[in-house]
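In: Pasting the sequence and the predicted model now:
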Amino acid sequence: QVQLVESGGGLVQAGGSLRLSCAAAGRTFSSGAVGWFRQAPGKEREFVAAITWSGGNTLYADSVKGRFTCSRDNAKNTVYLQMNSLKPEDTAVYYCADSQVLARSVRLYQYWGQGTQVTVSS
């Protein structure tokens, strides 16, 4: 079974930066993808970004394009989400998840981490 553990969340002022990490274990990560999602109180979980293990192909939500960058370290089975120019509306619990394909839909992700809180103050 795949296990995912997020880290790197915290409190930051608007305009600041954070880097989230997602450490993966439980299968050979030579294919498939890892996605980042976020969920604010009272809102549905929404897609943020995703990256393939092979080739590093990426997808981004329009709301974060140009501010967030997804990368991976295959040797460490770890995916990163570098978040720059953070805004108060980026405040949410951020989750990483494992999928067989690069996708935006939450339904295509089978395994999920426990989440890490990101709070951006104005």
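Out: In hand now; what should we look at?
In: CA atoms for contacts and neighbours, from now on please.
Out: Noted.
In: beta partners for the residue nearest the centre of the chain?
Out: By C-alpha atoms, centre = their mean, the chain has its centre lying nearest to residue 36, at 2.5 Å. According to DSSP bridges, the residues that bridge with residue 36 are residue 49, residue 96.
In: Going forward, the N-terminal residue is numbered 22.
Out: Sure thing, new numbering starts at 22, so read that last one as residue 57.
In: hang on, it packs against residue 119?
Out: No - using C-alpha atoms under 8 Å, residue 57 makes no contact with residue 119, being 9.2 Å away.
In: Tell me where this structure has strands.
Out: Here the chain has its strands, by DSSP state E, at 24-28, 31-34, 39-46, 54-60, 67-73, 79-81, 89-94, 99-104, 113-120, 130-133, 137-142.
In: Including mean pLDDT, could those strands go into TSV?
Out: Shown next, in TSV, are these (pLDDT from 0 to 100):
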stretch	mean pLDDT
strand 24-28	97
strand 31-34	98
strand 39-46	97
strand 54-60	98
strand 67-73	98
strand 79-81	98
strand 89-94	97
strand 99-104	98
strand 113-120	97
strand 130-133	96
strand 137-142	98
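In: The nearest residue to residue 95 once chain neighbours are set aside and residue 53, how far apart?
Out: Leaving out its chain neighbours, the residue that sits closest to residue 95 by C-alpha to C-alpha, 6 or more residues apart in numbering is residue 74, at 6.9 Å. Distance, residue 74 to residue 53, by C-alpha to C-alpha, to the nearest Å: 6 Å.
In: Who has more neighbours out of these two?
Out: residue 74 (22 against 16; other C-alpha atoms under 10 Å).
In: and the more buried one, how far is that from residue 134?
Out: Between residue 74 and residue 134 the computed distance is 17 Å (C-alpha to C-alpha).
In: How about residue 50, nearest residue that isn't a chain neighbour?
Out: Counting by C-alpha to C-alpha, 6+ apart, residue 50 lies nearest to residue 74, which is 6.4 Å off, once chain neighbours are set aside.
In: Need the phi and psi values for that neighbour.
Out: Backbone torsions of residue 74, given as degrees, to the nearest 10, read phi -70, psi -40.
In: Looks like it contacts residue 49 (just checking).
Out: No - if you go by C-alpha under 8 Å, residue 74 and residue 49 don't touch, sitting 10.1 Å apart.
In: I'm done for today, thanks for sticking with me.
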